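> Sequence plus predicted model, see below.
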There are 2 protein chains.
Amino acid sequence: MSQIEMRHLRTLVALRETGSLVEASERVFLTQSALSHQIKELEGRLGCSLFLRKTRPVRFTSAGNRLLQLADEVLPRLHNAELDLDRFAGGQSGRIIMAIECHSCFEWLLPAIDAYRNEWSDVELDISSGFHFAPFPALARGDLDLVITADPLDEPGITYFPIFSYEAQLAVAKRHPLVEKPWAEPRDLADEVVITYPVDRERLDLFSGFLEPAGVEPARVRHAELTTMIVQLVASGRGVTCLPNWALHEYLQNDYVVVRSLGEEGVWPTLYAAVRKDQADAPFMKAFIDVAKQVCFANLRGIVTAELG
Amino acid sequence: MSQIEMRHLRTLVALRETGSLVEASERVFLTQSALSHQIKELEGRLGCSLFLRKTRPVRFTSAGNRLLQLADEVLPRLHNAELDLDRFAGGQSGRIIMAIECHSCFEWLLPAIDAYRNEWSDVELDISSGFHFAPFPALARGDLDLVITADPLDEPGITYFPIFSYEAQLAVAKRHPLVEKPWAEPRDLADEVVITYPVDRERLDLFSGFLEPAGVEPARVRHAELTTMIVQLVASGRGVTCLPNWALHEYLQNDYVVVRSLGEEGVWPTLYAAVRKDQADAPFMKAFIDVAKQVCFANLRGIVTAELG
DNA sequence: AGATATTTTTGAATTCTATTCATGTCACAA
DNA sequence: TTGTGACATGAATAGAATTCAAAAATATCT
């Protein structure tokens, strides 16, 4: 079916630039015989001659000129594509489509993305809103490239990089009874209204790391979208909430609320970046995780480094 | 050095459109095994994977998408080029750069070109002004594609097509002595002023076909650019001229001048279109010669058909 | 779950094609 | 003419792309 190959285009261009088969052959690192065969065969398949040889420099026919025009259109594009692919191959470029399991992570993820974009401008970046429910299959099959999670399950083909650990703290109003206690016990919340982000319970530290293990159910769960809104409600005594210590820090400074640890030890989740093994070593990916960590430690009060468990 | 071939681009496109190796392989008329090898090998050379197979339809990586972009740029251009080349191959298109040896031929050549262009709009047409001196070498080496000539030399690689024959006639003033004679003899011009186009003598019928064979030199040769100008000079008795009968026809009708044959038989040159053998059978070329003949016989009075001597 | 069908991978064999090598031809200059 | 440089040609070779056959890996169905 098809006839023309890249090598033909390159030969023709070399021929135009040198004017003879002999020199052109040196240019494309072939023997002159090879070029002679190559062109003869192409001419045969095309059914028309491409240039007149009995002249110096060679003179192209209309067909030859048409092919040269094609070469001028195609070869530069090919070259550019190869340069881009080299960058992909070297891990200098790529795609990071992310999903987050942790609702308040937007707060540090967006600044991290901004910082990263400065250095790695041609990495394709996006936060996916579509895979909140089942991010790991999506990560495995390539719909996602990075998932921020607090639960490093031992999935094959997935690598986890710890970002940081924080304390999941209970925030209560200043005259709440728990203010009198050094820390909270699960049953202290049995009669409370708990205010949370409107997300699944498994994704809330208070439930997954504290109440559910103890089999305690609060009196009521109330939802609010925004962190400030939640804190306002808590401050005015409408309920209690559980948020990362770094998110509560500023409200604590302003003396809006009082915080207590969940249990004597406190609950200390660790956030991980989960990536596919094949991308785990790519420079553009490692760089993203490094930038994220840096941004977090620079901006968030109360977090600590974490090692992979 | 280079990696990417047309076949890779076609495979990737087929893969995008079908979503699986199996179907893509049917599309490009190869085994699916072949595609697997082909892509694996390309990925190896590029150093990065192009798509994720464990999904239906397959999902392209950034690198894969970049290659698809290249394919979208290149394959349509390749296709267009192939269509054009088919036309060249079928002789449906081509290039005709012409030169004329006969000065007054412009008069019928330009209308012929106009008529031809209507039917064969994408044949590249041009009248070269650069090769009046040595048109045949230029024709042989491809600087020219067609030469209008009255002397069909037996050059190898050149084919001659007769266009028409005409009589080269002597035009004289109405009271010129030659009016009394039935035809002119060479020596009748020994004392005359001869008015010609400002071109070489070999290209003038009067000299090449009449005076030089007889060894006669006129008293003086005077030049004028335009046919009308020449005829005016002749009519007012400033000299004699030799022009094709078809060029003199209108002046004869208006009774400006009198014409006489050169010798008893008259001089009857034939105009030929000389073309390179390899183009001689191309439809676009044959069509040009046909159109030229038609136009001539429709417009020129006094010409006759000619066979190849 | 397990069993079947489908799709992709893999390694070896094969077929095909581009290239080289060694001449041969041609045109042109001395 | 002979000699020189450039292109062509045919046979041999080397190198690839492709196929074949069989095995993994995935998806599908009950």
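All right, it came through fine.

> Phi first, then psi, for residue A:140.
Main-chain torsions, residue A:140, degrees, to the nearest 10: phi -60, psi -40.

> Could you check the pLDDT of it?
Taken from the predicted model, the pLDDT recorded for residue A:140 is 76.

> for it, what are its contacts?
By CB atoms under 8 Å, 6 or more residues apart in numbering or on different chains, the contact set of residue A:140 is A:155, A:157-158, A:276. From N, CA and C alone the C-beta is placed, and that goes for glycine too.

> per-residue pLDDT, the closest residue to DNA strand D within the stretch 151-300 of chain A?
Going by CB to the nearest atom of the strand, DNA strand D is nearest to residue A:157 of the stretch 151-300 of chain A, at 8.8 Å. In this model, residue A:157 is scored at 76, pLDDT.

> For stretch A:118-138, C-alpha coordinates in CSV please.
Output of stretch A:118-138 as CSV, limited to C-alpha atoms (Å, rounded to 0.1, in the frame of the first residue of the first chain):
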residue,chain,number,x,y,z
ASN,A,118,7.2,27.0,37.9
GLU,A,119,10.0,24.5,37.6
TRP,A,120,8.4,21.9,35.5
SER,A,121,6.3,23.9,33.1
ASP,A,122,5.6,21.2,30.6
VAL,A,123,4.4,18.5,32.9
GLU,A,124,0.7,18.1,32.4
LEU,A,125,-0.9,18.7,35.8
ASP,A,126,-4.5,18.2,36.9
ILE,A,127,-6.6,17.4,39.9
SER,A,128,-9.2,14.8,39.0
SER,A,129,-12.6,15.2,40.6
GLY,A,130,-13.9,12.0,39.2
PHE,A,131,-12.3,9.2,41.2
HIS,A,132,-13.0,10.0,44.8
PHE,A,133,-14.8,6.7,45.2
ALA,A,134,-12.2,4.2,43.9
PRO,A,135,-8.9,6.0,43.3
PHE,A,136,-6.6,2.9,43.4
PRO,A,137,-8.0,1.0,40.4
ALA,A,138,-7.9,4.2,38.5
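
> that older thread, export the contacts of residue A:140 to JSON lines and tack on distance to residue A:299, secondary structure and neighbour count?
Putting the contacts of residue A:140 into JSON lines (distance: CB to CB, whole Å; DSSP: H, G, I helix; E, B strand; the rest coil; neighbours: other CB atoms under 10 Å in any protein chain shown) gives the following:
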{"residue": "A:155", "distance to residue A:299": "30", "secondary structure": "coil", "neighbour count": "15"}
{"residue": "A:157", "distance to residue A:299": "32", "secondary structure": "coil", "neighbour count": "11"}
{"residue": "A:158", "distance to residue A:299": "27", "secondary structure": "strand", "neighbour count": "19"}
{"residue": "A:276", "distance to residue A:299": "28", "secondary structure": "strand", "neighbour count": "20"}
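
> Let me know whether the residue of the stretch 151-300 of chain A closest to DNA strand D touches residue A:276 as I believe.
Yes: with contact defined as CB atoms under 8 Å, residue A:157 reaches residue A:276; the gap is 6.2 Å.

> What about residue A:82, how many residues nearby?
18 (other CB atoms under 10 Å in any protein chain shown).

> what about residue A:208, which SS state?
Under DSSP: H, G, I helix; E, B strand; the rest coil, residue A:208 falls in the helix class.

> how far away is it from DNA strand C?
Distance, residue A:208 to DNA strand C, by CB to the nearest atom of the strand, to the nearest Å: 25 Å.

> Identify the residue nearest that residue in space, chain neighbours excluded?
residue A:202 (5.4 Å; CB to CB, 6 or more residues apart in numbering or on different chains).

> same question, residue A:96
Excluding its sequence neighbours, the residue lying closest to residue A:96 (CB to CB, 6+ apart) is residue A:145, at 4.8 Å.

> need the contact list for that neighbour.
By CB under 8 Å, 6+ apart, the contact list for residue A:145 reads A:94-98, A:139, A:275-276, A:279, A:285.

> Over to residue A:96. Which of the three states is it?
Going by three-state DSSP: residue A:96 is strand.

> What of the one 10 residues further on?
Using three-state DSSP, the three-state assignment for residue A:106 comes out as helix.

> my guess is it meets residue A:100, correct?
Yes: contact status for residue A:106 versus residue A:100: in contact at 7.0 Å, counting by CB under 8 Å.

> Could you check which of the two has the larger neighbour count?
Neighbours were counted for residue A:106 and for residue A:100 using other CB under 10 Å; residue A:100 has more, 20 against 13.

> excluding its backbone neighbours, what's nearest that one?
The shortest distance from residue A:100 to any residue other than its chain neighbours is 4.3 Å, reached at residue A:148 (CB to CB, 6+ apart).

> for residue A:158, same thing?
residue A:274 (5.4 Å).

> tell me the pLDDT at the one you found?
pLDDT for residue A:274: 91.

> who's it bridged to?
residue A:147, residue A:160 (DSSP bridges).

> In contact with it, which residues?
Contacts of residue A:274 by CB under 8 Å, 6+ apart are A:136, A:139, A:146-149, A:152, A:155, A:158-160.

> Okay then, goodbye and thanks.
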